[in-house]
Each structure stands twice: as C-alpha cells, then as structure tokens.
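*Asks:* Sharing a model prediction with you, sequence too.
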Amino acid sequence: MSRANGSPQPACAERLAFGRLRVWIAVLAALPLVPAFAILICVPLALRAVGPGDSTGRLLVAGYPIGAAAGLLAIALPSGVLSAAVALVWLAFTFLAALHGLTRAFGAARRIEELSIAAGFMYLAVGGGWLVLWRSGIAVMDFGEHVPLLTAIHFHYAGFASPILVGFVGRELRTADTGLWPVFVGGASLVIVGPALVALGIAGVRTIEAPAAAILAIGTATVALLALAAVLRLVRGTPARGLLAVSSAAAVVAMTLAFLYAVGNPLGLSAIALEDMVRWHGSFNALGYVFCGLLAWNVRTL
C-alpha cells in the first residue's frame with residue numbers, strides 16, 4: 001500500500017517542530033535559575049575577589065546577605081506585587097553597588113582596568129531594576145513576557161561580572177611588558193560601553209541593538225584571547241590558571257555565538273536559533289566564563 005506523495009515530510013517537520021518546542025519550554029523553565037545563580041554565587045565571588053575597598057564597599061559586603069535573601073525569595077515567589085516588593089530589597093543592594101562603583105570610578109586615576117571594575121558595579125543596578133520588573137509581571141511597553149528576565153540576566157552577567165573579569169585581566173596585563181596593552185584598552189573600552197549601548201537598544205533604539213551586541217561580543221572575546229595569550233602565565237597557582245583558561249575559552253565560544261546571532265538575525269541569516277542561543281550562549285557565559293573566571297581570581301596565589 002503506497003503512501004501519498006509528500007506525506008512523510010509533514011510528519012517529520014511536525015516532529016522536529018514539536019522537539020524544538022519541548023527544548024524551548026525546558027529552556028524557559030530553567031531560566032529563573034540563572035539570575036538566582038548570579039545572586040547566590042557570582043555576586044559574592046565578585047565581592048570577595050575585588051575586596052571591600054572604601055566604606056561603601058564594606059557596607060555592600062555587610063548588606064549582601066539581606067539583599068541576596070530577598071532576591072532569591074522574590075524569584076521563588078509567584079510573580080506579582082509581593083514578589084516585586086521583595087525584589088526591591090535586592091534593587092536597593094544593587095543601588096548601593098552602583099554607588100560603590102561610582103566612588104571607584106572617581107578613584108580610578110584614569111586606569112581603564114579600574115574603570116571597568118567600577119562600571120561592573122554600576123551596571124548591577126540596571127540588572128536589579130529589570131529583576132523587579134520581571135518579578136512584577138507587569139507588561140512594560142511592547143516587551144515580550146520573557147524580555148525583562150533575559151535583560152535582568154544580561155546585566156547580572158555581561159553588565160556586572162564581565163567588566164570585573166576584564167578589569168582583573170587588565171591589572172595583570174599592565175604589569176607585563178608584552179606590547180599588548182593598546183589591544184586591551186580597545187577591548188576593555190568596548191566591554192565598558194557595550195552594556196550601555198545594549199540598554200539603549202532595549203529601550204527602543206532598535207537600530208543600535210544588533211551593533212551593540214556585536215560590539216560587546218568583540219570586546220569580551222578580545223580580552224579573553226589576551227588572557228589566554230599573555231595573562232595565563234602570569235597567574236600563580238595551577239587551579240587558578242586552569243580555571244582562567246576554561247573561563248577565557250568559554251568566553252570566546254559564548255561571544256562567537258553572540259556575534260553570529262547579533263549580526264545574522266536582523267538579516268534573517270542567523271546560524272543559531274533563539275532557543276539555542278539562550279541555552280548554549282547562556283551556559284558558556286554563566287558557567288564557563290563568569291563562574292570559572294570569578295573562581296579563578298578567588299583561588300589564585302598572591
């Protein structure tokens with residue numbers, strides 16, 4: 001008994017579409033764990049690696065347990081007024097982080113590596129604001145349901161943690177006579193301005209959204225390659241060197257995916273779908289680049 005012409009193809013397409021839908025649903029279900037991981041693990045690792053510094057830094061360290069507990073509780077609660085109200089405590093903590101970043105910026109003495117660390121602290125407040133919007137469940141302008149969550153994730157990782165990691169690479173590279181300092185200045189500059197440009201794109205300047213993501217990806221990948229080429233040998237301690245190598249390699253992979261998506265998607269030529277972008281770029285960025293990088297700078301031998 002023969003099948004009608006073309007009947008296997010629709011069935012195959014339906015199975016493929018259903019499979020992709022299941023993957024997307026699983027990705028979305030796991031997404032709330034990503035900001036929780038940033039709050040519970042990445043932020044304290046960054047605070048410890050940077051050190052308290054001035055009085056605002058000491059206050060930031062002291063206030064972290066309360067802020068983190070509120071942030072995690074807000075994520076666990078159903079979205080709504082109560083969840084958003086609890087998230088305001090985390091927002092207050094991120095505002096304090098921004099103030100700490102501002103004081104660091106004034107004391108940076110034109111050192112771009114220190115400006116990068118300061119920018120990371122300031123961008124955390126943007127992530128805190130988007131976390132409150134996400135937990136409120138309120139539709140903001142024409143943003144989709146998951147845009148506030150994805151934006152909160154972006155500014156907790158690419159906005160906060162990444163500039164701090166870039167600053168640490170710069171601190172080591174400044175002491176090395178490699179001739180690569182101008183390359184670092186260029187890459188770090190892109191990392192510092194990149195999140196602000198991304199924020200403009202999210203706010204409605206659509207023409208800058210894709211270029212901003214590409215700029216941020218190029219800057220991060222450039223510094224990661226510098227870390228592999230010149231900084232790795234300067235870091236003392238085998239565990240720290242191993243973690244930094246993993247972090248830098250993961251950053252290159254994650255930023256390559258981000259660049260391909262940012263450049264190709266507006267043209268309809270993207271080689272990676274949104275669900276794959278969220279899953280693979282997010283995993284390499286959060287676990288590989290940020291987590292391993294922050295851990296490396298915490299366990300290094302001084």
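*Replies:* That came through fine. Residues are numbered from 1 along each chain as shown.
*Asks:* C-alpha only now, for contacts and for neighbours.
*Replies:* Will do.
*Asks:* Low-confidence ranges, the stretch 101-250 of the chain, go.
*Replies:* 141-145, 203-204 (pLDDT under 70).
*Asks:* Apply 80 and report the result again.
*Replies:* Along the stretch 101-250 of the chain, segments meeting pLDDT under 80 span 108-109, 139-146, 177, 202-206.
*Asks:* And the strands in it, which stretches?
*Replies:* Counting by DSSP state E, counting those that start in this stretch, no segments of the stretch 101-250 of the chain form strands.
*Asks:* any chance you could map the helices in it?
*Replies:* In the stretch 101-250 of the chain, the segments counted as helices under DSSP state H, counting those that start in this stretch are 112-136, 147-154, 162-175, 181-203, 206-226, 238-264.
*Asks:* for the helix or strand just after the last one, which positions count as buried?
*Replies:* I take that to be helix 238-264. Using DSSP states H and E, the helix or strand that follows helix 238-264 in sequence is helix 274-276. Neighbour counts using 16 or more other C-alpha atoms under 10 Å place Glu275, Asp276 of helix 274-276 among the buried residues.
*Asks:* pLDDT (mean, whole number) over helix 274-276?
*Replies:* Averaging pLDDT along helix 274-276 yields 76.
*Asks:* Beyond that helix, next helix or strand please.
*Replies:* That would be, after helix 274-276 and using DSSP H and E, helix 282-283.
*Asks:* what sits up against that following helix?
*Replies:* Residues from elsewhere that reach helix 282-283, judged by C-alpha atoms under 8 Å, 6 or more residues apart in numbering: Ala254.
*Asks:* next one: stretch 49-67
*Replies:* For stretch 49-67, using C-alpha under 8 Å, 6+ apart, the contacting residues are 44, 47, 89-93, 96-97, 99-100, 294, 297-298.
*Asks:* Mind checking which of those residues are in helices?
*Replies:* 44, 47, 89-93, 96-97, 99-100, 294, 297-298 (DSSP state H).
*Asks:* Can you add distance to Thr256, pLDDT and neighbour count and give these back as JSON lines?
*Replies:* Below are the ones in helices among the contacts of stretch 49-67 laid out as JSON lines (distance: C-alpha to C-alpha, whole Å; pLDDT from 0 to 100; neighbours: other C-alpha atoms under 10 Å):
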{"residue": "Pro44", "distance to Thr256": "28", "pLDDT": "98", "neighbour count": "17"}
{"residue": "Leu47", "distance to Thr256": "28", "pLDDT": "97", "neighbour count": "20"}
{"residue": "Val89", "distance to Thr256": "35", "pLDDT": "98", "neighbour count": "20"}
{"residue": "Trp90", "distance to Thr256": "32", "pLDDT": "98", "neighbour count": "29"}
{"residue": "Leu91", "distance to Thr256": "31", "pLDDT": "98", "neighbour count": "25"}
{"residue": "Ala92", "distance to Thr256": "34", "pLDDT": "98", "neighbour count": "16"}
{"residue": "Phe93", "distance to Thr256": "33", "pLDDT": "98", "neighbour count": "26"}
{"residue": "Leu96", "distance to Thr256": "33", "pLDDT": "97", "neighbour count": "21"}
{"residue": "Ala97", "distance to Thr256": "30", "pLDDT": "98", "neighbour count": "27"}
{"residue": "Leu99", "distance to Thr256": "33", "pLDDT": "97", "neighbour count": "19"}
{"residue": "His100", "distance to Thr256": "32", "pLDDT": "96", "neighbour count": "24"}
{"residue": "Leu294", "distance to Thr256": "21", "pLDDT": "98", "neighbour count": "29"}
{"residue": "Trp297", "distance to Thr256": "24", "pLDDT": "97", "neighbour count": "23"}
{"residue": "Asn298", "distance to Thr256": "27", "pLDDT": "96", "neighbour count": "17"}
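*Asks:* Greatest separation within the contacts of stretch 49-67: which pair is it?
*Replies:* Greatest spacing in these, by C-alpha to C-alpha: Val89 and Trp297 (28.2 Å).
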